[in-house]
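K.L.:
sequence plus predicted model, see below.
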Amino acid sequence: MAVEQRIAARRRGAGLARLATFAQLIYRSLTVRGSRLGVALAAIVVGAAIVTALTSLYFDISIKMSEELRAFGPNIIISPRPGAVGADQPRGVAADELRQAIAAMPRERLVGGTPFLYGLVRLDLGNAVLAGVDFAALKAISPFWQVEGGWVSADFDDRNAMVGRRLAQSMDLSIGSAVTIRSLDGATQAKVTVKGIAETGENEDSQIFVNLSLAQKLLNLRGRADFAMASVVAQGSEADAITEALARRFPDLDARPIRKVSQADGQILDKIEGLMALVAAIILVITTLSVNATLTAMIAERTPQIGLQKAIGASNRSIVAQILAETAAICLVAVGVGLLLGFGLAQVLGQAVFGAWVTFRPIVVPLTLGLSLAAALIAAVLPVWGAVGIVPARVLRGE
């Protein structure tokens with residue numbers, strides 16, 4: 001037993017000695033060639049930094065782009081389900097039920113939502129389309145509106161109104177103008193003041209907007225609304241999931257994404273993500289070529305050393321392991337620096353493009369490390385092949 005223990009101890013000692021010699025060879029190889037080592041380090045640092053920045057943006061871009069695209073208007077519409085309103089009931093649906101559906105959407109994703117009620121009314125100089133809305137929510141979901149004057153600030157304000165640009169021009173209305181709104185049968189009327197003139201380039205330019213309760217009174221549809229529109233920050237198919245959940249909770253309502261808006265969001269995101277993936281791939285190819293050229297030059301310089309190692313008994317396997325270990329060591333140091341620089345670059349890009357900070361996602365670290373290490377090892381294939389092909393006898397003869 002004692003003999004076996006001594007043999008095992010000697011084997012462990014020999015193994016540790018070989019490991020120490022191997023580590024010393026790698027250390028000397030890396031420290032002696034400072035300039036070429038610096039080139040390889042710089043190439044991998046640049047590649048890792050750009051990959052880190054682009055992957056950080058890639059994982060954040062869907063939510064950031066969805067937030068930016070909400071400036072172009074709502075992306076979900078909620079309306080009565082066909083057949084849900086009886087023939088003896090007034091048109092539309094209960095406005096409170098629409099508000100409940102809006103409130104049921106994920107609070108952290110909801111930008112805003114308002115019921116709408118439309119009808120034809122008479123103004124001082126002719127007929128016009130009246131729209132009843134919740135003004136605070138309308139402002140949230142319509143940031144693209146160009147408004148002269150100001151928005152009606154309170155939903156309960158029934159003394160002020162907003163008019164579209166075309167309607168204001170056709171009826172000679174301006175900020176502060178008093179307008180009398182009458183129902184078509186003349187039974188109900190209200191006097192409002194124009195607080196804002198909106199320009200959208202759409203049908204809204206020919207409409208007059210009042211708060212929902214006043215519209216219900218003028219159109220004799222108390223408590224009713226035609227539909228609701230909402231704006232939510234949604235990635236990919238999340239808008240579909242939100243509307244499906246609403247449909248299950250409110251069986252009398254038909255909630256659906258506005259396909260034109262949702263599809264446009266998806267197409268823009270797909271193109272940007274594809275462009276980022278292409279840029280990252282090109283950078284990795286350039287990094288691989290740079291590291292390959294540097295390692296090839298380093299192996300050429302070390303030809304006498306490698307030949308001598310082989311002459312005193314080093315196997316091709318140990319030579320390959322040494323070169324790959326050196327490459328991996330360079331890569332690990334470079335990736336560490338590249339991760340820091342890349343995350344800083346991601347913040348700069350996030351502020352420049354979206355005006356927001358990019359969230360750190362742990363998956364970026366192994367992804368960047370894996371891609372950079374793969375690029376470095378691929379770059380080492382030709383230099384390793386050249387090192388294996390070195391003939392000790394020729395090296396010793398000085399050939």
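P.N.:
Cool, the structure landed.

K.L.:
counting neighbours, what do you get for residue 100?
P.N.:
Neighbours of residue 100 under the rule other Cβ atoms under 10 Å: 14. For glycine as for every other residue, the C-beta is placed from the backbone atoms N, C-alpha and C.

K.L.:
now do it, the pLDDT please.
P.N.:
As predicted, residue 100 sits at a pLDDT of 94.

K.L.:
for it, what are its contacts?
P.N.:
By Cβ atoms under 8 Å, 6 or more residues apart in numbering, the contact set of residue 100 is residue 250.

K.L.:
which element is it on?
P.N.:
If you go by DSSP states H and E, residue 100 is part of helix 95-103.

K.L.:
and that helix, which residues are buried?
P.N.:
Counting neighbours by 16 or more other Cβ atoms under 10 Å, one finds that the buried residues in helix 95-103 are 95, 97-99, 101-102.

K.L.:
what of stretch 122-142?
P.N.:
Along stretch 122-142, these residues count as buried under the neighbour rule (16+ other Cβ under 10 Å): 122-123, 128-135, 137-142.

K.L.:
quick check: residue 233 vs residue 355, distance?
P.N.:
When Cβ to Cβ, to the nearest Å is applied, the distance between residue 233 and residue 355 equals 15 Å.

K.L.:
more neighbours: which of these two?
P.N.:
Residue environment comparison for residue 233 versus residue 355 gives the larger neighbour count to residue 233, 21 against 10, counting by other Cβ under 10 Å.

K.L.:
quick check, pLDDT for the more buried one.
P.N.:
At residue 233, the pLDDT value in this model is 82.

K.L.:
how far away from the center of its chain is the top helix by length along the chain?
P.N.:
Secondary structure of the chain read by DSSP state H shows that its longest helix is helix 259-301. Distance of helix 259-301 from the chain centroid (Cα atoms, centre = their mean, to the nearest Å) equals 17 Å.

K.L.:
next one: stretch 324-335
P.N.:
A distance of 31 Å separates the C-alpha centroid of stretch 324-335 from that of its chain, computed with Cα atoms, centre = their mean.

K.L.:
buried set for it?
P.N.:
When neighbours are counted by 16+ other Cβ under 10 Å, the buried residues of stretch 324-335 are found to be 324-327, 330-331, 334-335.

K.L.:
how about low-confidence regions in the stretch 251-399 of the chain?
P.N.:
Residues of the stretch 251-399 of the chain that meet the criterion pLDDT under 70 lie in 259-270, 302, 314, 354, 387-399.

K.L.:
assumed residue 90 was part of a helix.
P.N.:
No - per DSSP: H, G, I helix; E, B strand; the rest coil, residue 90 lies outside any helix segment and is coil.

K.L.:
ok, it - contacts?
P.N.:
Residues in contact with residue 90, defined by Cβ under 8 Å, 6+ apart, are 221, 224.
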